[in-house]
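>>> Have a look; sequence and predicted model below, questions after that.
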Amino acid sequence: ETGVTQTPRHLVMGMTNKKSLKCEQHLGHNAMYWYKQSAKKPLELMFVYNFKEQTENNSVPSRFSPECPNSSHLFLHLHTLQPEDSALYLCASSQKTGVDGYTFGSGTRLTVV
Amino acid sequence: GEDVEQSLFLSVREGDSSVINCTYTDSSSTYLYWYKQEPGAGLQLLTYIFSNMDMKQDQRLTVLLNKKDKHLSLRIADTQTGDSAIYFCAEREGSQGNLIFGKGTKLSVKP
């Protein structure tokens, strides 16, 4: 365990379903991130939250909706996804002014059918 | 914008040294990082180097930084089959402090 926990580890969903990915950290970090990792784009930054405020949204389609209720939790709400959204979704956290880089979770392997 | 480049594949024999190279563009980068990703797992921080250092050694790992050429390398001595993974280089950009990742180098270690 890295200190960043993602659930579920695997998720299969239909294109009309609504599901949520969860990320939790108790490292005292104040920034959290969602990344998408697929064969086409190995590591693609989706969203950045600093102190619960969204500071970056890298042109992500609206079918992905992030939520950060507090500095320890981050969600990614999914609805009406496409098969090309199948990928490994990685959450990370960091201390914004620290030197230790990002701590990653193990990811959620998402398959859209 | 900032960019980090790595070669995509490297294959070595067990016991040999592996050298993974990376170039970056942001001259104001403060820290540079190496991450390892094993199959089905997240990225694990291996080591990092401050931009005013030339070299950092940590057991089998040696990081070399040429700031003039914006070139970073990771040397793994006595490479083992357990070192087979994808290795990501990342720079900490100077403005927002976000990490910019390369595409990763897949290291294959043959027995």
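Sure thing, it's come through.

>>> So what pairs up with the residue of chain A at minimum distance from chain B in the strands?
When distances are taken as CB to the nearest CB, chain A reaches nearest to chain B at residue A:104, 3.7 Å away. Any C-beta I mention is one placed from the backbone N, CA and C, and that applies to glycine too. Beta-bridge partners for residue A:104, by DSSP bridges, are residue A:92.

>>> got it, and residue B:5?
Beta-bridge pairing of residue B:5, defined through DSSP bridges, involves residue B:23.

>>> neighbours of it, just the number please.
Neighbouring residues of residue B:5 were enumerated by other CB atoms under 10 Å in any protein chain shown; the total is 13.

>>> tell me the contacts of it?
B:22-24, B:102-103 (CB atoms under 8 Å, 6 or more residues apart in numbering or on different chains).

>>> From the contact counts, what lies against the lowest-mean-pLDDT helix or strand in chain B?
Lowest by mean pLDDT, DSSP states H and E among the helices and strands of chain B is strand B:99-101, with a mean of 90. In terms of contacts (3 or more CB pairs under 8 Å, 6 or more residues apart in numbering or on different chains; DSSP states H and E), strand B:99-101 is packed against strand B:85-92.

>>> The strand it packs on pairs with which strands?
Sheet pairing of strand B:85-92 (DSSP bridges) gives strand B:31-37 (antiparallel), strand B:99-101 (antiparallel), strand B:105-110 (antiparallel).

>>> Nearest to residue B:9, out of those strands?
With distances scored as CB to CB, the stretch of the strands paired with strand B:85-92 nearest to residue B:9 is strand B:105-110 (5.2 Å).

>>> Stretch B:45-64: end-to-end distance?
Terminal residues of stretch B:45-64 are spaced 17 Å apart (CA to CA, to the nearest Å).

>>> list the contacts for the closest residue to residue A:43 other than its chain neighbours?
Residue nearest to residue A:43 in three dimensions, not counting chain neighbours: residue B:101, with 4.7 Å by CB to CB, 6 or more residues apart in numbering or on different chains. By CB under 8 Å, 6+ apart, the contact list for residue B:101 reads A:42-43, B:4, B:35, B:88-90.

>>> wait, isn't residue B:58 in contact with residue B:47?
Yes. At 5.3 Å, residue B:58 counts as touching residue B:47 under the criterion of CB atoms under 8 Å.

>>> follow-up on the earlier one: show the buried residues in the contacts of residue B:5.
B:22-24, B:102-103 (16 or more other CB atoms under 10 Å in any protein chain shown).

>>> Bridging across strands, which residues link to residue 10?
Assuming you mean chain A. Assigned bridge partners for residue A:10, using DSSP bridges, are residue A:109.

>>> try again with chain B
Residue B:10 has these beta-bridge partners by DSSP bridges: residue B:107.
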